[in-house]
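Novice: coords please:
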Amino acid sequence: MKEKIVIAIGGNAIISEGQKGTVEEQYANISKMCPYIADLIEDGYRIILTHGNGPQVGNILLQSEAAKDRIPVLPIDVCVAETQGQLGYMIKQSLDNLLRERGIKKDVVSVLSRVLVDENDPAFKEPTKPIGPFYSKEEADKIAKTKNHAMVEDSGRGYRRVVPSPRPLDIIEQSAVKILADSGTIVITVGGGGIPVAENNGMLKGIEAVIDKDYASSLLANQIDADFLVILTGVPQVAINFGKPNQKFLSKMSLEEAKKYYEEGQFPKGSMGPKIEAGIEYLDRGGKKVIITSLDYLKDAIEGKAGTVIMK
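Specialist: Sure, this is the predicted structure:
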């Protein structure tokens, strides 16, 4: 077996911008994604898939709030658990069927995972994680006023609700994930950054937040001794001076360069920033290599022909 790779997939890859998020749309998007993953499995790589859930968890919250006069509103941690199960099933179903079609005998398992956070994390006082659909400025102002939700502009695409996003401290199911991955099982886990839990007198309890999946994927990669971490995004390579006349795409960066560019503000918080910071943290904790690229270039990037590589 080849290297063990954690691949982080964004939630917007499963519900594309402008889509309603129907089950049919999500299955169609997942079906387009799976061949890229199956190619790596066929080549012998041990794959651990993680995924975002921003659009999905936002939609579940909207459904819950819309029916609040008939059924109790669900807390955010339960909504995260629901989307983890839902998307884990959909990805597993699609990928497993594709592997069967190719004659590849591999178990695909989704692990419902909890992630420990500190309930005193400053993030609980300053919500930053966008979830749910995009709104116009007028719609966002109305929602903020009537529902008391924090709303912010997200990457120039419109306004979204933001919720607390504390830093992950520990993946509770890390040992089970490692055992499965080391055996060659394809694992889907840390969906939506994981179900946020806090510790109280030695016991775990759910807490209302959504953890950034890139930070959680970075931590998972360290804890299961992955050979490297891949963070998928909408562009083939990372760029500095993005959108400016002197824009420059980078095929590689040292850890020191990544830190320097990050501190200079080259990578905005709403887009590339968390991915770069997650990669930096992974390397600082002893990781070997980070690859940032788009799904279309995934295999080429792993083979060193595309993407942006960050190493010490």
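
Novice: do you know how far Ile310 is from Ser183?
Specialist: As judged by Cβ to Cβ, to the nearest Å, Ile310 and Ser183 stand 29 Å apart. In this view, the C-beta of every residue, glycine as well, is placed from N, C-alpha and C.

Novice: Then Gly132?
Specialist: 37 Å.

Novice: When Ile310 and Ser183 are compared, which one has more neighbours?
Specialist: In this view Ile310 and Ser183 are compared by other Cβ atoms under 10 Å, and Ile310 has more residues nearby, 26 against 11.

Novice: Not counting its neighbours along the chain, what's nearest that one?
Specialist: Val290 (4.3 Å; Cβ to Cβ, 6 or more residues apart in numbering).

Novice: So which bits of the helix or strand encompassing the one you found are buried?
Specialist: Using DSSP states H and E, Val290 falls within strand 289-294. Judged by neighbour count using 16 or more other Cβ atoms under 10 Å, the buried positions of strand 289-294 are Lys289, Val290, Ile291, Ile292, Thr293, Ser294.

Novice: what's that strand in contact with?
Specialist: 227-238, 275-276, 279, 282-283, 300-302, 306-311 (Cβ atoms under 8 Å, 6 or more residues apart in numbering).

Novice: which of the residues in stretch 136-149 are buried?
Specialist: Those would be Ala140, Ile143, Ala144, His149, for stretch 136-149 by 16+ other Cβ under 10 Å.

Novice: Can you flag which of these belong to helices?
Specialist: Counted as lying in helices by DSSP state H, out of the buried residues of stretch 136-149, are Ala140, Ile143, Ala144.

Novice: that older thread, now the buried residues of strand 289-294 in JSON lines, with distance to Val210?
Specialist: Shown next, in JSON lines, are these (distance: Cβ to Cβ, whole Å):
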{"residue": "Lys289", "distance to Val210": "28"}
{"residue": "Val290", "distance to Val210": "23"}
{"residue": "Ile291", "distance to Val210": "25"}
{"residue": "Ile292", "distance to Val210": "22"}
{"residue": "Thr293", "distance to Val210": "25"}
{"residue": "Ser294", "distance to Val210": "24"}
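
Novice: Which member of those is positioned nearest Glu17?
Specialist: Nearest to Glu17 out of the buried residues of strand 289-294 is Ser294 (Cβ to Cβ; 14.9 Å).

Novice: returning to that earlier point: mark which of the contacts of strand 289-294 are buried, thanks.
Specialist: 228-233, 235-238, 275-276, 279, 282-283, 301-302, 306-311.

Novice: Which ones among those residues map onto strands?
Specialist: Phe228, Leu229, Val230, Ile231, Leu232, Thr233, Val238, Thr308, Val309, Ile310, Met311 (DSSP state E).

Novice: Among those residues, show me the least confident.
Specialist: In terms of pLDDT, the lowest of those is Thr233, showing 92.

Novice: re earlier: out of the ones in strands among the buried ones among the contacts of strand 289-294, which is nearest to Ile172?
Specialist: Leu229 (19.6 Å).

Novice: Not counting sequence-adjacent ones, nearest residue to the closest one?
Specialist: Nearest one to Leu229, counting by Cβ to Cβ, 6+ apart, is Ala221 at 4.3 Å.

Novice: and the host helix or strand of the one you found, how far out from the chain's middle?
Specialist: Using DSSP H and E, Ala221 maps to helix 213-223. Centroid displacement of helix 213-223 relative to its chain, using Cα atoms, centre = their mean, to the nearest Å, is 9 Å.

Novice: what's the angle between that helix and strand 289-294?
Specialist: For helix 213-223 against strand 289-294, the angle between stretch directions is 150 degrees (axes from the mean of the first three to the mean of the last three Cα atoms, to 10 degrees).

Novice: The stretch 51-200 of the chain: strands as residue ranges?
Specialist: According to DSSP state E, counting those that start in this stretch, the stretch 51-200 of the chain carries its strands in the segments 108-110, 114-116, 129-135, 150-153, 159-163, 170-171, 186-188, 195-200.

Novice: Nearest to Ile41, out of those strands?
Specialist: It is, among these and with distance given as Cβ to Cβ, strand 186-188, at 6.3 Å.
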